[in-house]
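Colleague: requesting a structural model of the entry that follows:
(chains A and B)
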Amino acid sequence: MKGNVNEQIEKEALFGIVPVLNREKLYGFLDAVLILSGYCIATWSYTQGSYLATLVGFKQLLIGAFAGAILMLAIYQLPVILSVRYGIDIWIWLKAVFGHNGVMLMTVVIILINYPWYAVCADLFASSMGNLAALFGVTLPDFAPLVLRLLCVAIGTAIAYKGIGAITHTTRILVPLLLALGAVVVIVGFTKVPFDVIWNYRPADIGYTDSIIPYIISIEANFAFVITLVGGMGEVPRLAKKETAGFWAGVIGQGVSGSFFVVVGAVMAIAMQYVTGEMIDDPTLMLATLSVPALALSSLLLVAFANIGTQAVGSYIYGVMLKSSFRRANYRTLIIVLAVYAALLCVWGKIVEYFGSFLTISACVYAPLAALLFTDFFFVRKQKLDMRSAFGLEGHNAYNYTHGINWVGLFCVAAGVAMSLLIYDPVKGEVHNMTLFRLTPTGFSFLGTGLLYLLLSFVPPVRKYILADQTGSGESRC
Amino acid sequence: MSKSNEYDKKLAEEIEKRISEMESDDCEFPKKFGKRDYIVLAAVCAVCLILVIAGGFIR
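Modeller: Purely as a prediction, here's the structure:
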């Protein structure tokens, strides 16, 4: 049995990367948008919504959540047309940008910066359970939140441990549950609190000298929130039948459906502040306070399963991602390593407190990654890839660079991270350069990294190094 | 032959087969993102950018 799961995962990780031919494509626009909408909705959307509500008023929040998100998505996701055209994930193309070993390194970095989302998820689970216990008059001991967070990680990992079958069942239940929870929160929020209160909401003064700063931070949070999807943006579009369908499905899935749930989180937080004087991002507590205990109890089941389900799906996705890079490692060992990492973050216990900093730190790496993919696809490699070298087929070595690493690509990522940190310190919340800060740290890093990579590609020795697939080595290019 | 080597070999064969098919003259690709799509995209980006900038003036 143990061997079977590992073999299944091996097939999934290895054979899941082959180019999908046109006749094998599965998704039209509607299918793709529905799947991607499900992929983009999670309970942490509420955390994002409530975080935005601490920064800006409701109208600015709406603009940032929809227009800000769609603007960033429409630009950075444009290279998904390569996934549709060649039926490959973006990570295959990124082998041209970073080299084979460089991609392995980036996979580990991406997991390190992205996996804290699952600690946020565990925190929401613990908070929901604690609030519901309080609702029934049970006072939990001080150590209970930590135990509950660890329990969420443990159950999620146990589901992922069982492999693809358990994950498929979990996903089928998870997405409708999250949709139902969102619908209930919207109905309760808008019926229990006057519409004007939400529409005219302004946050309390949070001490910024210039009122534009919290607005820019909110736009940055939206940019950062949507750009975290860069690693997985090609998985569904590679199965889309048209380039337009694959691209717009991603933009609408996150920019409309995902953002709707962020706004739902904000509505909930504003309604809770109106009623209790406190900003809350926990749907269970909101429903318990604004509705009847019976609804709160049913929401307990929804929130509990949603968080555990998200944990399980995340554990599985990142386990497979690691497995495709580290082929000899055992899948189950990999997901236990991921669980230990999430557990350590739970023990630290401050991931929600540092949510904004965590978002911007993640985007520090994601923005250069997205910029490199964009620039490489449109302006450097001009939509041509040596597929055999990208897949590492024998005798095709154009993307081996220096011991498997394209140092130009990695240098640009490091420069992009530096650009972001140069204008804004996400931990202390300090703006270092107000002029460039208006572009947002993510926006500036995206533009700066793309431009740097493009300029470097014009320098003859660098051009020869990064375009080894175009120097007459006889490689065939699609 | 170990299982992982066997997978690697099968995988390489499958990839080679698919790339060869993609290189053949009669291979069909998905409908491309055309000029009209780029115009729509530019319009969407422009509207979003204007809204984001305008949002900064809301008090």
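
Colleague: only C-alpha atoms from now on, for both contacts and neighbour counts.
Modeller: Will do.

Colleague: pretty sure residue A:335 sits against residue A:315.
Modeller: Yes: counting by C-alpha atoms under 8 Å, residue A:315 is a contact partner of residue A:335 at 6.0 Å.

Colleague: between the two, which contacts overlap?
Modeller: A:157, A:160 (C-alpha atoms under 8 Å, 6 or more residues apart in numbering or on different chains).

Colleague: what's the local residue count around residue B:39?
Modeller: Residue B:39 has 11 neighbouring residues, counting by other C-alpha atoms under 10 Å in any protein chain shown.

Colleague: with the one 3 residues further on instead?
Modeller: Summarising burial for residue B:42: neighbours were counted as other C-alpha under 10 Å, giving 15.

Colleague: for it, list the residues it contacts.
Modeller: Taking C-alpha under 8 Å, 6+ apart as the definition, residue B:42 has no contacts.

Colleague: look at it and give its secondary structure.
Modeller: At residue B:42 the chain is in helix, as set by DSSP: H, G, I helix; E, B strand; the rest coil.

Colleague: if I look at it, how far off is residue A:62?
Modeller: Plainly put, residue B:42 is 21 Å away from residue A:62 if you go by C-alpha to C-alpha, to the nearest Å.

Colleague: mind listing what's buried in stretch A:452-467?
Modeller: A:452, A:453, A:454, A:456, A:457, A:463, A:465, A:466, A:467 (16 or more other C-alpha atoms under 10 Å in any protein chain shown).

Colleague: need these in CSV with pLDDT and secondary structure, can you?
Modeller: Output for the buried residues of stretch A:452-467, formatted as CSV (pLDDT from 0 to 100; DSSP: H, G, I helix; E, B strand; the rest coil):
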residue, pLDDT, secondary structure
A:452, 98, helix
A:453, 97, helix
A:454, 97, helix
A:456, 97, helix
A:457, 96, helix
A:463, 94, helix
A:465, 94, helix
A:466, 93, helix
A:467, 93, coil
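
Colleague: picking that back up, which of residue A:335 and residue A:315 has more residues huddled nearby?
Modeller: When residue A:335 and residue A:315 are compared for neighbours, residue A:315 comes out ahead with 29 against 25, by other C-alpha under 10 Å.

Colleague: which elements pack onto the helix or strand hosting that one?
Modeller: Element membership for residue A:315, per DSSP states H and E: helix A:293-325. Helices and strands touching helix A:293-325, by 3 or more C-alpha pairs under 8 Å, 6 or more residues apart in numbering or on different chains; DSSP states H and E, are helix A:2-15, helix A:100-114, helix A:116-135, helix A:144-161, helix A:164-192, helix A:283-290, helix A:331-348.

Colleague: got the CA coordinates for the fourth one in CSV?
Modeller: The reference is to helix A:144-161. Only the C-alpha atoms of helix A:144-161 are listed here, as CSV (Å, rounded to 0.1, in the frame of the first residue of the first chain):
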residue,chain,number,x,y,z
ALA,A,144,-5.2,24.8,23.5
PRO,A,145,-4.7,27.2,20.5
LEU,A,146,-1.3,25.7,19.8
VAL,A,147,-2.6,22.1,20.1
LEU,A,148,-5.5,23.0,17.8
ARG,A,149,-3.1,24.5,15.2
LEU,A,150,-0.9,21.4,15.3
LEU,A,151,-4.1,19.2,15.0
CYS,A,152,-5.1,21.0,11.8
VAL,A,153,-1.6,20.4,10.3
ALA,A,154,-1.6,16.8,11.5
ILE,A,155,-5.1,15.9,10.1
GLY,A,156,-4.4,17.7,6.8
THR,A,157,-1.1,15.9,6.4
ALA,A,158,-2.7,12.6,7.2
ILE,A,159,-5.2,13.1,4.4
ALA,A,160,-2.4,14.0,2.0
TYR,A,161,-0.5,11.0,3.2
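
Colleague: for that helix, which outside residues touch it?
Modeller: Contacts of helix A:144-161 (C-alpha under 8 Å, 6+ apart): A:118-119, A:122-123, A:125-127, A:129-130, A:166-167, A:307-313, A:315-316, A:332, A:335-336, A:339, A:342-343, A:346-347, A:349.

Colleague: rewinding a little: and the helix holding residue A:315, what's buried?
Modeller: Buried residues in helix A:293-325, counted by 16+ other C-alpha under 10 Å: A:293, A:296-297, A:299-300, A:302-325.

Colleague: from the chain's centre, how far out does that helix sit?
Modeller: 15 Å (C-alpha atoms, centre = their mean, to the nearest Å).

Colleague: got the angle between it and helix A:144-161?
Modeller: 50 degrees (axes from the mean of the first three to the mean of the last three C-alpha atoms, to 10 degrees).

Colleague: report the angle between helix A:293-325 and helix A:100-114.
Modeller: Counting by the same axes, to 10 degrees, helix A:293-325 lies at 160 degrees to helix A:100-114.
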